[in-house]
Structure formats: structure tokens, C-alpha cells
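J.: Pasting a predicted model and its sequence here:
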Amino acid sequence: MASSLRLSIQGREKVDQARKKKGWTKRAAAWYLTAKVGEDALKKFWAGKPIVQEHFVDICRAVGLEDWQQMVDDSPIQPTASYIDFSVYDDNWVGEEREKLIEALSTKVCKSCRVLILVGITGIGKTALAERLVEELRGNWREDKENFESREQVPDFASVALKWLEKWKVDVPQDQRQPQHLRQRLVERLCNHQHLILMDSIEYLLTGNPDDGWGDFADEEWGKFFVSLLYEPSCKSRFILTSQDLPTKFETAECDRYKNLWHCQLLRGLERTEQIALFQKAELDGDIQSPDSPLGVIGEVYDGHPLALRTIAGEIKGSYGGKVRAYWKDNSRYIEEVKEAIDEARNQGIVKGDEDRWQLASYTKVLRRKVKERIDNILERLKNDVYDAYVLLCTASIYRCEVKEKWWLINLEDEGYSEGQQKAAMQTLRERYLVEDGGIDDEDNRLVGQHNLIRSVAIAHRLILP
């Protein structure tokens, strides 16, 4: 029986460099045809799954790697290897640009990145991209997933660590279950075994206070754990985290020295080509290509927000039989109002919209349930945590587009807030990705703005400010 070989994490990095020199993608037909193997063999090769030794050698040699022995993973296959079930990622996934991002992030994870953090506003596609990345990396990993959003009570580090260790059949004596001992055991396990762990919605693990800021782990043992994981000279495991807020522990001096071992990636909306692909998959009866068509305008005013666009596409498909014109007849006034305001800001310089009453997240029951409620929850959490930042976000909703940062801050100044309070509030919004940086203008002023969906809901909150 022919022996089989698997690609190691270190070998994957070398192969990746070699195939880029060839100008090939990871699944290029030119590659598997040159190697005289099937496409499935190349897919398994990248996934770290065992393939016939002859095929392994031919795949390496096809990209000029004669030292194929250096690419082999000779560690024993884990009998406990498992795959997680995806909660969001499915066959409706689209994203030409996001596929490029997946390739770049998978390369980082396979090189030295032990902790990847995906951040952005609610509904922007963090979980879907994280799960797609897991699929891309899928191979000889033990996969596990924790979702903290659905928990009635957020668990502390010790309880999660103990659960993981017991699941992996690691014996932990009763007298060794204190947080520091569990941390040591967990780090040792992760460094010596291949685990791929997706931690979803870790913003629920974060807290803070007005003096020290927000974004700290409520249980400091989580911060100590990640620092310990980065401190180790080598580690076979990888973490993918998703969060609406920046975990500021990774920006401290403790983690900054390991900046090659962790990476924070901000996600934005779908590009125009990706929006088209989304509507095509929904099989809607309407003009998809033209930017001036109803679907083109919808994609623009929603800033390519994946959840909103999928919700609208689903409503057109389900309630309107896929007829875009029928949906547009009922709802165009809500969308065209926003489009006109955006055009006025861009073309006529009318950036202030005190009388705007955008309803992008609420003009149908489905949008209210799937989109507005999620954004309302974000604003309510902001209101309870950092009221100053909440006031800043709401009062700045008078602006239709990116404006000078000092224009935002004037709203707080008028309310009697000190300069320090203004800057702290703005920093909080940045750490929660509720403000979008628009670069620097010709007069060297920093520009900031709001996502159209955030503004739509913030307007409603502004109108009820005391």
C-alpha cells in the first residue's frame, strides 16, 4: 500500500511562497495539471490531509520545491480531530474581494499569526468570514467554537479552559483547577497540539470604566492567557476571534512586542462586484448590473452591508416573488431619500441634515427584526457603558457624510463637555468601530463619518435625547 504524506504548517509557508513566484492560485489548474494529479489531490494537499506520497512529491516539484521532505508533517494524526458546524457561512457566500482577504489571512495564520481578530460593526460579516477562513484552513486541526453572544451569563476564563481541557481528555486534578494552573495547562496543550479555535462575539468578554477606557477583558485571566500564548517560543494552535469592539489588551506593551504573532482585521461592506454577485445568487428579477438601477441604489445607500442586503434580497424573493420593481414600488421613497441626501452632500456640499429622518433599518418588519434591533442593542450598550460617547454618536448623526472631526466634537463642547471628555468619547467610538475614518483633507484636518445604517438608527436616538 502506497504511503501518504501531509503538508506541515511550516511547509505550507514555503509552498505558498513558491506558488506565488509562479503566479498560481492555491487551486490553479496549471498547478495540478503540471503535477499530473487531480484537483481533489491539490485541495487535500492544502488542507493538510494525507495524500499519496507520489502526488505530494509531484505537487511540490511542480512549483520548484525539490526538497519536498522539508514540507512533510510527520506529527501523529490526532484521533480527536474534529470539524465545527458553521452557523452563518453557507453556499450563498459571495465576495471576490473577500476571497482575496481569505487568502491573505490564511497565509498569515499559517505563518506566524497565532491570534487573528476580525472586527467591525454588527452584520458586516465577521462570523461568516471567520467560518469561511476555518474552511480554508481545514485539515489536521482539532476545531472548536465558542459563541459568547448567546450566553445568558458570560463564563469566566477558568470555566472555559476547564471545559476545553476536559473535552480534549486532558486530566486536571481537583487541586490544579485554579486559573493560573489552568492557564499553564491550556497553553502547554495548545503549543503542542494543533487546535483551531473560533471565539465568536468576544465583545461580551470585554468591559471598562470611564478612567481607564473600555475594551479590557472583564476577567483579567483572559488577557493573561493570550499574553502567555504569545510569549511561548512556538505554538501549533491558532485562534480566530470576532468582535464588535477592539480588545485593547492586544495594544498594550505586553502584546506589542509580539506584533507578528497577532493581527487585527477591520471588515467593511461588500464592494460593488460583490453586491452584484449577492443579488445574482438570490435570482432576483431586475437589473443587477447598472449602478442607477434599484438594486444598484440599494447597494450604495446600504454601504454594501451584507446582513441588510441579504435581508432585502430575501424579502424581495419571499414576499415579492423575486420582482424587484414590485419591492421598489412599495419602498423606494425610503431609499431614494437617503440617495438624494448623499448626492446633495457630495455634489452641493450640503453636509448637514438636521431634518433627515432616515429609516434604512426600519421601513419593513423584517429589517426591524434582523437589522435595526441589532444596531439598537449596540447603541443601548454604548449608552449604558459610555454615555458621553453615546451622546457624541447621536449628535453627530446630523452629518450626512464624512466631515472634520472637530465638527463632531463641537457638539459635545456645546453641551459643556471638556476637551478631555470629547477626546475620550471619540476614542471609545473608534474602539467600537462606530466611527469611520475618512482620511485627511487638503487642510490637514482629520475626517470622520458614520456608516449609513448606524446613522439611520442614531438619528432616531438623537431625537429622544434629553
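T.: Perfect, thanks for sending it.
J.: Could you pull out the strands in the stretch 1-150 of the chain for me?
T.: With strands called from DSSP state E, counting those that start in this stretch, the stretch 1-150 of the chain shows them at 4-5, 51-52, 115-119, 142-147.
J.: got the contact list for the helix or strand just after the last one?
T.: If you walk from strand 142-147 toward the C-terminus, the next helix or strand you reach (DSSP states H and E) is helix 157-167. Contacting residues not belonging to helix 157-167 are listed as 144, 146, 172, 177-179, 182-183, 185-186, 189, 219, 221-222, 225 [CB atoms under 8 Å, 6 or more residues apart in numbering]. Heads up, the C-betas are built off the backbone N, CA and C, glycines and all.
J.: out of the residues you listed, who has the most neighbours?
T.: residue 186 (25 neighbours; other CB atoms under 10 Å).
J.: need the next SSE after the helix or strand where that residue lies, C-terminal direction.
T.: With secondary structure defined by DSSP H and E, residue 186 is part of helix 179-192. Heading C-terminal from helix 179-192, the first helix or strand you meet, by DSSP H and E, is strand 195-200.
J.: Tell me how the chain divides into domains.
T.: Residue ranges for the domains of the chain, per automatic domain parsing: 4-71, 96-266, 272-348, 365-462.
J.: Would you tell me which of these gets closest to residue 354?
T.: domain 365-462 (5.3 Å; CB to CB).
J.: Just send the strands of the stretch 1-150 of the chain back as a markdown table, with mean pLDDT and distance to residue 33 too.
T.: Putting those into a markdown table (pLDDT from 0 to 100; distance: least, CB to CB, whole Å) gives the following:
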| stretch | mean pLDDT | distance to residue 33 |
| --- | --- | --- |
| strand 4-5 | 88 | 21 |
| strand 51-52 | 91 | 16 |
| strand 115-119 | 97 | 33 |
| strand 142-147 | 94 | 32 |
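J.: Is residue 36 in contact with residue 58, as I believe?
T.: Yes: assessed by CB atoms under 8 Å, residue 36 is found in contact with residue 58 at 6.2 Å.
J.: Those two: which has the busier surroundings?
T.: More neighbours surround residue 58 than the other of residue 36 and residue 58, with 17 against 12 (other CB under 10 Å).
J.: Quick check: the gap between that one and residue 202.
T.: Remark: distance between residue 58 and residue 202 (CB to CB, to the nearest Å) = 42 Å.
J.: Where does residue 373 fall, secondary structure wise?
T.: Using DSSP H and E, the element containing residue 373 is helix 373-385.
J.: circling back to that earlier point, need the domains of the chain in a markdown table with distance to residue 355, can you?
T.: Shown next, in a markdown table, are the domains of the chain (distance: least, CB to CB, whole Å):
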| stretch | distance to residue 355 |
| --- | --- |
| domain 4-71 | 51 |
| domain 96-266 | 25 |
| domain 272-348 | 10 |
| domain 365-462 | 9 |
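J.: Can you say which of those domains is nearest to residue 359?
T.: When those are ranked by proximity to residue 359, the top entry is domain 272-348, at 5.1 Å, counting by CB to CB.
J.: average model confidence for the closest one?
T.: Throughout domain 272-348, pLDDT has a mean value of 94.
J.: could you dump stretch 52-70 to PDB, C-alpha only?
T.: This file holds the C-alpha atoms of stretch 52-70, laid out as PDB (Å, rounded to 0.1, in the frame of the first residue of the first chain):
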ATOM      1  CA  VAL A  52      -0.400   9.600  -1.800                       C
ATOM      2  CA  GLN A  53       3.400  10.300  -1.400                       C
ATOM      3  CA  GLU A  54       3.900  10.400  -5.200                       C
ATOM      4  CA  HIS A  55       1.300  13.000  -5.600                       C
ATOM      5  CA  PHE A  56       2.700  15.000  -2.700                       C
ATOM      6  CA  VAL A  57       6.200  15.000  -4.200                       C
ATOM      7  CA  ASP A  58       4.800  15.900  -7.700                       C
ATOM      8  CA  ILE A  59       2.800  18.900  -6.300                       C
ATOM      9  CA  CYS A  60       6.000  20.200  -4.500                       C
ATOM     10  CA  ARG A  61       8.200  19.700  -7.600                       C
ATOM     11  CA  ALA A  62       5.700  21.400  -9.800                       C
ATOM     12  CA  VAL A  63       6.400  24.700  -8.000                       C
ATOM     13  CA  GLY A  64      10.200  24.100  -8.000                       C
ATOM     14  CA  LEU A  65      10.500  22.600  -4.500                       C
ATOM     15  CA  GLU A  66      12.800  19.600  -4.800                       C
ATOM     16  CA  ASP A  67      13.300  19.500  -1.000                       C
ATOM     17  CA  TRP A  68       9.800  18.100  -0.500                       C
ATOM     18  CA  GLN A  69      10.900  16.200   2.600                       C
ATOM     19  CA  GLN A  70      11.000  19.600   4.400                       C
END
